[in-house]
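*Asks:* Here is a sequence with its predicted model. Questions after.
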Amino acid sequence: MESPKELGLEVPPISDAVRTEMLAEWNALRAEILKRMEMRHQVLWLALVVAGTLITFGAQEKVPVTVLLLYPLLATFLALAWTDIDIRISEIADFIRTRIEGEHSQGRLEGLRWEHYIRKKKREEITRNALARAVEISANGILVFTQLLALILAFPKMKYTLDEILLVLCDLAAVFLTIWLVRRRRTLLQAAATQETE
């Protein structure tokens, strides 16, 4: 979306007070994005720590197999938290791009075009290669790999009681739900972007 200034239209200047408020809001929202990105990484680190602890502890002979079978369920909730954080990051970025950098400022805030730049760059990268989805691939890789590892280590320890079989079925559903959650966030983001352009 081009600003009125980029289209060669006359745009009245904004007051210093309004400009200061808009810059303060832009800075606060960018800081929130950075904090949420940090939180998103912390969720993945937490998943690794919890997986390492439960898998190490659960793989011991005297520990009940349910310790291993509980991790895939827990990882699904971590995937839900990760997805929510990621969606909120995109919502904040869209707000910055459309309200502060876009129509609201009417091109009067020179130099504030980061969200426009990064969105254009992401679109170009996605069309060129699949590694542009590194955030999604890494989250699914860490969460799903650790879920499957817990299940694989649980199978030799199982006595195949009804409780264990039910937990395994829940775990398999949890693995698919984790994959769906992380991939679904992309669909939600694309839907929001489509509504924005209409």
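*Replies:* Now that the structure is in, tell me what you want to look at. Numbering: from 1, shown residues only.
*Asks:* which residues touch the residue positioned nearest the centre of the chain?
*Replies:* By Cα atoms, centre = their mean, the chain has its centre lying nearest to Asp86, at 2.7 Å. By Cβ atoms under 8 Å, 6 or more residues apart in numbering, the contact set of Asp86 is 40, 135, 185. Heads up, the C-betas are built off the backbone N, CA and C, glycines and all.
*Asks:* Output those as TSV; include the columns distance to Trp26 and neighbour count.
*Replies:* As requested, these are exported to TSV (distance: Cβ to Cβ, whole Å; neighbours: other Cβ atoms under 10 Å):
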residue	distance to Trp26	neighbour count
Arg40	21	19
Val135	23	17
Arg185	25	21
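*Asks:* In helices, which of those residues appear?
*Replies:* 40, 135, 185 (DSSP state H).
*Asks:* Show me where this protein has its helices.
*Replies:* 16-58, 66-95, 114-128, 134-154, 162-197.
*Asks:* so how far is the first one off the chain centroid?
*Replies:* Counting by Cα atoms, centre = their mean, to the nearest Å, helix 16-58 is centred 10 Å from the centre of its parent chain.
*Asks:* Likewise for the fourth one?
*Replies:* Helix 134-154 has its C-alpha centroid displaced from the chain centroid by 16 Å (Cα atoms, centre = their mean).
*Asks:* This completes my enquiry, with thanks.
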